[in-house]
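Visitor: could you work out the structure for the sequence below:
(one chain, ligands or ions: 1)
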Amino acid sequence: MTYEAAKERTMYYGKGDVWVFRSYAKPLTGVKVIPESSFSGRGNVLFGMNIKVAVKGEQFITSFTEGDNSLIVATDSMKNFILRHAADYTGATVEGFLEYASRSFLETYPQMTGVRMSAEQVPFEEIGVGNTNGIAASDLVFKYSHNESASATFVLEREGDSIIVAEHQSGVMNLRLIKVKGSSFSGFVRDEYTTLPETSDRPLFIFLNIHWKYTEIEDALDDTRGNYVDAEQIRDIAATVFHENNSPSIQSLIYHIGLRMLQNFSQLAEVSFESNNRTWETIALTVAEGPGSVFTEPRPPYGFQGFSMTREDLTAAQRNEAQQAGRV
Ligand SMILES: O=c1[nH]c(=O)c2[nH]c(=O)[nH]c2[nH]1
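Guide: Now for the predicted structure:
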């Protein structure tokens with residue numbers, strides 16, 4: 001077998017669903033407060049993550065071909081490695097933890113040449129509790145949330161004697177937003193395959209995964225640099241743009257959410273979207289009294305969109321806007 005063929009082979013192993021619950025992690029403080037969001041930081045009294053790790057290395061070949069486990073770090077040990085490092089982690093961000101734990105794997109085990117680690121943060125929300133002064137957020141009891149969550153992926157690789165970040169991405173996953181009115185969809189191709197009526201007002205329900213990449217990776221790791229972008233802020237930008245825009249399509253909506261992200265956060269190099277159309281089916285347009293309608297869940301199949309944007313898209317949009325305003 002040639003070296004090239006070996007290099008291209010798929011070969012990795014690892015552990016998924018490594019649940020990490022760390023109490024009293026460093027509070028997250030270094031975020032810029034933006035007009036679209038009330039988010040200004042997080043106490044991190046509970047810092048939860050569901051982590052997946054995969055390691056690679058040419059030397060693992062004999063574990064597959066010869067049953068030779070002499071270089072195998074058991075995936076059970078990987079789980080313990082991640083959990084013990086959660087105790088040593090001094091940072092406040094998921095990204096920082098992934099970078100720290102991945103780097104530690106490569107520093108500890110020379111047979112590993114690359115580590116891919118991703119996490120979905122487990123969102124713990126504040127909950128109000130009553131006392132003689134009224135209702136205030138508890139600093140002891142939190143609500144395990146099943147709504148959207150922050151996510152991140154880091155790939156670290158050995159390059160000569162050093163360890164580099166080969167890929168990184170932050171995100172918010174499974175955001176579900178419904179806008180009851182003020183969305184249209186019309187003007188699309190009409191031919192012998194078209195049965196969908198045009199609509200000037202639809203109850204637009206979307207599922208969104210949004211990802212972003214920083215120009216300087218350090219900004220993702222260390223909130224004390226003041227440039228950390230939190231998933232809650234991105235969620236709130238998405239909701240604000242959805243609220244403000246009378247969107248002609250999901251395609252247009254996600255483009256405008258992307259522009260707003262790039263506008264607010266000059267530290268971001270790239271943003272991307274995966275959206276899913278779950279527009280409710282209208283059952284009754286009118287109700288006995290008042291302006292209501294009745295809807296139900298849509299039936300499959302579901303449409304989707306994918307879109308990525310860089311800072312150049314923002315520059316182009318700003319140039320267009322200026323031209324239209326007659327300023328150029
Ligand atoms: O926002 C939308 N984009 C589409 O491409 C599409 N196609 C469709 O049937 N409904 C919608 N909605």
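
Visitor: near the ligand, which residues of the stretch 151-300 of the chain are found?
Guide: Contacts of the stretch 151-300 of the chain with the ligand, taken as CB under 6 Å from any ligand atom, map to 185, 196, 249, 250, 251, 277. Backbone N, C-alpha and C define where each C-beta goes, glycine included.

Visitor: neighbour-wise, which of those residues leads?
Guide: When neighbours are taken as other CB atoms under 10 Å, the top entry among those is residue 250 (22 neighbours).

Visitor: what's the pLDDT at that residue?
Guide: For residue 250, the pLDDT comes out at 98.

Visitor: picking up where we left off before, need the max-distance pair from the residues of the stretch 151-300 of the chain next to the ligand.
Guide: Distance extremes for those: the farthest pair is 196 and 251 at 15.3 Å, using CB to CB.

Visitor: before we move on, back to that, strands - which of the residues of the stretch 151-300 of the chain next to the ligand land there?
Guide: Cross-referencing those against strands under DSSP state E gives residue 277.

Visitor: distance to residue 266 for the residues of the stretch 151-300 of the chain next to the ligand - can I get that in a markdown table?
Guide: Formatted as a markdown table, those follow (distance: CB to CB, whole Å):
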| residue | distance to residue 266 |
| --- | --- |
| 185 | 33 |
| 196 | 40 |
| 249 | 28 |
| 250 | 26 |
| 251 | 25 |
| 277 | 31 |
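
Visitor: just the residues of the stretch 151-300 of the chain next to the ligand: which are in helices?
Guide: Among these, DSSP state H puts 250, 251 in helices.

Visitor: nearest to residue 307, of the residues of the stretch 151-300 of the chain next to the ligand?
Guide: Of those, the one sitting nearest to residue 307 (CB to CB) turns out to be residue 251, at 7.2 Å.

Visitor: give me the pLDDT value at whichever residue of the stretch 1-150 of the chain sits closest to the ligand.
Guide: Nearest residue of the stretch 1-150 of the chain to the ligand, counting by CB to the nearest ligand atom: residue 148, 20.1 Å away. We have a pLDDT of 97 for residue 148.

Visitor: repeat that for the one 5 residues further on.
Guide: Listed pLDDT for residue 153 reads 98.

Visitor: cool, residue 66 as well?
Guide: Residue 66 is assigned 97 on the pLDDT scale.

Visitor: what about it, how many neighbours?
Guide: When neighbours are counted by other CB under 10 Å, residue 66 comes out with 8.

Visitor: so where's this structure shaky on pLDDT?
Guide: For the chain, the stretches with pLDDT under 70 are 1-7, 327-328.
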